[in-house]
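Visitor: Need the 3D shape of this:
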Amino acid sequence: MPAISTTMSADHRRCDEIFSAAEALVSAGDWSAGGDRFIAFRDAMLNHFSMEEEKLFPAFEQHLGHTMGPTQVMRMEHNQMKQLFSEMQQAVKARDDAQYLGLSETLMMIMQQHNMKEEQMLYPMMDQTLGQKGGEMARQIEAH
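Guide: You can find the predicted model right below:
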């Protein structure tokens, strides 16, 4: 049975690859393909956030009996990243490579720190706390 930590960490890597491809295309001045890759990245990230915020976090919080703590921090960071997605979309529309690449650098730092917290602390806590239910949730996420 898959684990939340394995499934969600693999999704982080998938999103990172799309992000890198978008950045490379924008750096090369290919706004058409770069814009398409950015949209693919944004959509992949929003789907990832949705899996966490609608499925994993509520199950974990229900088990803990509160919504404070690590999931609250993760939601705040998701909101920060969503704001950057919006600003990056505007940079794509304006074909402003300096703005896009500056925002991209900021986003990269936030994502690296965020993913490390999830992969090293939150996901293992979820695996341990949710047990078989967590494995079933991971399998559903993989099938989605």
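Visitor: Give me the average confidence score over stretch 67-86.
Guide: For stretch 67-86, the mean per-residue pLDDT is 94.
Visitor: List of residues touching that stretch?
Guide: Outside of stretch 67-86, the residues within contact range by C-beta atoms under 8 Å, 6 or more residues apart in numbering are 42, 45-46, 49, 52-53, 57, 60-61, 103, 106-107, 110-111, 114, 117-118, 121-122, 125. Yep, even glycine has a C-beta here, placed from its N, CA and C like the rest.
Visitor: Show only the entries of the residues you listed found in helices.
Guide: Under the assignment DSSP state H, the contacts of stretch 67-86 contribute 42, 45-46, 49, 57, 60-61, 103, 106-107, 110-111, 114, 117, 125 to helices.
Visitor: on that earlier part again, just the buried residues from the contacts of stretch 67-86, in ChimeraX please.
Guide: Here is the ChimeraX command that selects only those of the contacts of stretch 67-86 that count as buried (16 or more other C-beta atoms under 10 Å):
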select :42,45,49,52,57,60,61,103,107,111,114,118,122,125
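Visitor: Run the chain-centre distance for the one helix or strand R37 maps to.
Guide: Assigned by DSSP states H and E, R37 belongs to helix 31-51. How far helix 31-51 lies from its chain's middle: 10 Å, per C-alpha atoms, centre = their mean, to the nearest Å.
Visitor: residues touching the residue minimising distance to the centre of the chain, list them.
Guide: Central residue of the chain (C-alpha atoms, centre = their mean): M45, 4.3 Å from the mean position. By C-beta under 8 Å, 6+ apart, the contact set of M45 is 15, 81, 85.
Visitor: redo that, cut-off 6 Å
Guide: For M45, the contacting residues are C15, by C-beta atoms under 6 Å, 6 or more residues apart in numbering.
Visitor: Check the one 4 residues further on too.
Guide: Each residue near F49 by C-beta under 6 Å, 6+ apart is listed here: H78.
Visitor: Run through who's touching the strand or helix carrying Q99.
Guide: Assigning secondary structure by DSSP H and E places Q99 in helix 97-117. Residues outside helix 97-117 that contact it (C-beta under 6 Å, 6+ apart) are 12, 23, 26, 77, 84, 87-88, 91.
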